[in-house]
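1. let's see this in three dimensions:
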Amino acid sequence: MQAILASPSLLRNALLLDAVATAATAFLAVAAAPLLEPLLGLPADLLFYAGLPLLPFAGFVYLTSRGEPISRKAATAVVIINALWVIDSIALLFTGWVAPTALGYTFVIGQALVVALFAELQFTGLRRSI
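-> Numbering: from 1, shown residues only. I've put the predicted structure just below:
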C-alpha cells in the first residue's frame, strides 16, 4: 500500500480505477434495477436514476485520468462530486425515504466507503502533485 501511495501516478491510477468502478456500478444499477429492488430494498427507480448520471460521470473521470497533464480543476471536481456522493448515500439511510434490507444497507454503506477511498486517494494525489 505504501508503494501505491508514494507513486507519482497515484492521482492517475485512482481516477482510472474510479472510472472503471463507476461505470460498472452504473451499468449494474441501470440494467438490473428491477432485479436489485427486492434484494436491496431500494426502489428500482432510485437505482435506475442514480445509476444513469454515473455513466457520463464515469466518462468524465476516465477522460480526466488520461489528461497530460491531469487537469487540477477536473480532478478537484471529481473529488468534490465523490464527497457529495458519499454524503448523499449515507444521508439516504437516515431520511426514511427507503427501507433497505440488510443487504441494501451493506450495499449503500459499502459503495460509499469505496467512493470515499477514491476521493481520499485522489485528494492525496492532487496534494502530492503540487
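2. quick one, what contacts residue 115?
-> 18, 82, 85, 86, 89 (Cβ atoms under 8 Å, 6 or more residues apart in numbering). C-beta here means a position set from N, CA and C on the backbone, and glycine is covered the same way.
3. surely residue 60 and residue 78 touch.
-> Yes - if you go by Cβ atoms under 8 Å, residue 60 and residue 78 touch, sitting 7.5 Å apart.
4. more crowded one of the two?
-> Neighbour totals were compared for residue 60 and residue 78, and residue 78 leads with 28 against 17 (other Cβ atoms under 10 Å).
5. how about that one: what's its closest non-neighbour residue?
-> What sits nearest to residue 78 in space, not counting adjacent residues and going by Cβ to Cβ, 6 or more residues apart in numbering, is residue 61, at 5.5 Å.
6. can I get the helix or strand in which the one you found is found as PDB, trimmed to CA atoms?
-> For residue 61, the element it lies in under DSSP states H and E is helix 54-66. Taking C-alpha atoms only, helix 54-66 is exported to PDB below (Å, rounded to 0.1, in the frame of the first residue of the first chain):
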ATOM      1  CA  LEU A  54     -23.000   7.800 -13.300                       C
ATOM      2  CA  LEU A  55     -22.500   6.800 -17.000                       C
ATOM      3  CA  PRO A  56     -21.300  10.300 -18.200                       C
ATOM      4  CA  PHE A  57     -19.500  10.800 -14.900                       C
ATOM      5  CA  ALA A  58     -17.500   7.700 -15.400                       C
ATOM      6  CA  GLY A  59     -16.600   9.000 -18.900                       C
ATOM      7  CA  PHE A  60     -15.600  12.300 -17.400                       C
ATOM      8  CA  VAL A  61     -13.400  10.600 -14.800                       C
ATOM      9  CA  TYR A  62     -11.800   8.400 -17.400                       C
ATOM     10  CA  LEU A  63     -11.000  11.400 -19.700                       C
ATOM     11  CA  THR A  64      -9.600  13.300 -16.700                       C
ATOM     12  CA  SER A  65      -7.300  10.300 -15.900                       C
ATOM     13  CA  ARG A  66      -6.000  10.400 -19.500                       C
END
